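**Q** Just to be clear, the model below is a prediction. Sequence and coordinates:
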Amino acid sequence: MQTEFFDNAGVLLGRGDFFIEEFGVIGEFDGKVKYGKYLRPGVSPGEAVYREKLREDSLRDMGWEVVRWIWSELERRDVIHARFQRAITRRKHAQRPLGTYRLAA
């Protein structure tokens, strides 16, 4: 279930596709349609990718770990699992992330 993440002032930083609350790790599934037919009018694919980068930078800056994967990697669950394990390990040695979160409506 998608989760919304906010900074300390309550400003929405973005949504994550998956969230492992216990470890503070956000999971993001990347599909090409996000940068194609689902683009907002007037937004180029390059601009969409840039905005996505800024969103993820904001989440990481608040202390969250972000793990990404694509369609072809779903057949290699060991790869995804290893990414999550590395992210969980990094979070174990970090302070609690800043800001708040809630399940998206």
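**A** Thanks, I have it. Values in this document were obtained by computation on a predicted structure and should not be read as measured data.
**Q** Could you use CA atoms for every contact and neighbour count after this?
**A** OK.
**Q** and stretch 80-89, which residues are buried?
**A** Ile80, Arg83, Phe84, Ala87, Ile88 (16 or more other Cα atoms under 10 Å).
**Q** Out of the residues you listed, which comes closest to Glu22?
**A** Ile88 (9.4 Å; Cα to Cα).
**Q** The closest one contacts Val25, correct?
**A** Yes. Using Cα atoms under 8 Å, Ile88 makes contact with Val25 at a distance of 6.8 Å.
**Q** what is in contact with those two at once?
**A** Glu65 (Cα atoms under 8 Å, 6 or more residues apart in numbering).
**Q** now the end-to-end length of stretch 64-73.
**A** 22 Å (Cα to Cα, to the nearest Å).
**Q** which residues sit against that stretch?
**A** With Cα under 8 Å, 6+ apart as the criterion, stretch 64-73 contacts 24-31, 56, 59-60, 79-80, 83-84, 87-88, 90-91, 97.
**Q** Restricted to helices, list these.
**A** Judged by DSSP state H, the contacts of stretch 64-73 include Glu56, Leu59, Arg60, Val79, Ile80, Arg83, Phe84, Ala87, Ile88, Arg90, Arg91 as members of helices.
**Q** how about the last one, what does it touch?
**A** The reference is to Arg91. Contacts of Arg91 (Cα under 8 Å, 6+ apart): Phe23, Gly24, Val25, Trp64, Glu65.
**Q** Now do the same for the closest residue in space to Asn8 that isn't next to it in sequence: its pLDDT.
**A** In space, and not counting its chain neighbours, Asn8 is closest to Gly99: 4.5 Å by Cα to Cα, 6 or more residues apart in numbering. On the pLDDT scale, Gly99 is placed at 94.
**Q** For His93, what are phi and psi?
**A** Main-chain torsions, His93, degrees, to the nearest 10: phi -100, psi 10.
**Q** What is the nearest of the contacts of Arg91 to Val11?
**A** Among those, and counting by Cα to Cα, the member closest to Val11 is Trp64, at 15.7 Å.
**Q** what about this protein, any weak spots by pLDDT?
**A** Scanning the chain with the threshold set as pLDDT under 70 gives 32-38.
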